[in-house]
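>>> Sequence unavailable; structure follows:
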């Protein structure tokens, strides 16, 4: 489809369509990728999926918010929260096993 738009743009000799294609298609593809990843949000042996994949080495620490929610601090200083679906004890044990420290 992208190839079709590029050829179509070159045939029409309208560079503005090519500029739109170059700026808006990558953003659209990123939104589609995030939507696809969001179907699989959760905790996995290699990392966490929360809209995108985060490896365990990207997680600095975690803290308990309530009985069904954990908050994670990434290495870059950004924080995100995830629900644990009533498996918080299992996930906390997994974090300790991976060597990720708890915030006090």
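Received, thanks. Because the structure is a prediction, the values reported are computed rather than measured.

>>> going forward, measure contacts and count neighbours with C-alpha atoms only.
OK.

>>> Please go through this protein and pick out the longest strand.
strand 59-66 (DSSP state E).

>>> Just after that one, pick out the following helix or strand.
Scanning forward in sequence from strand 59-66 by DSSP states H and E, the next helix or strand is strand 69-74.

>>> okay, the angle between the helix or strand immediately after that next one in the chain and strand 59-66?
The C-terminal neighbour of strand 69-74 among helices and strands, as given by DSSP H and E, is strand 79-83. Inter-element angle recorded for strand 79-83 and strand 59-66: 50 degrees (by axes from the mean of the first three to the mean of the last three CA atoms, to 10 degrees).

>>> show me the contacts for the residue positioned nearest the centre of the chain.
Centroid check for the chain by CA atoms, centre = their mean gives residue 52 as the closest residue, at 1.8 Å. Contacts for residue 52 were tallied using CA atoms under 8 Å, 6 or more residues apart in numbering; they are 34, 37-38.

>>> just curious, which of those is nearest to residue 20?
residue 34 (21.4 Å; CA to CA).

>>> if we can go back for a sec, can you list the strands that the longest strand of the chain pairs with?
strand 69-74 (antiparallel), strand 101-102 (parallel) (DSSP bridges).

>>> Pairing partners for the stretch of helix or strand residue 54 belongs to, with directions?
Using DSSP H and E, residue 54 maps to strand 53-55. Here strand 53-55 is paired, per DSSP bridges, with strand 47-49 (antiparallel).

>>> State which helix of this structure is the longest.
Counting by DSSP state H, the longest helix found in the chain is helix 15-38.

>>> Show the average pLDDT along that helix.
The average pLDDT within helix 15-38 is 79.
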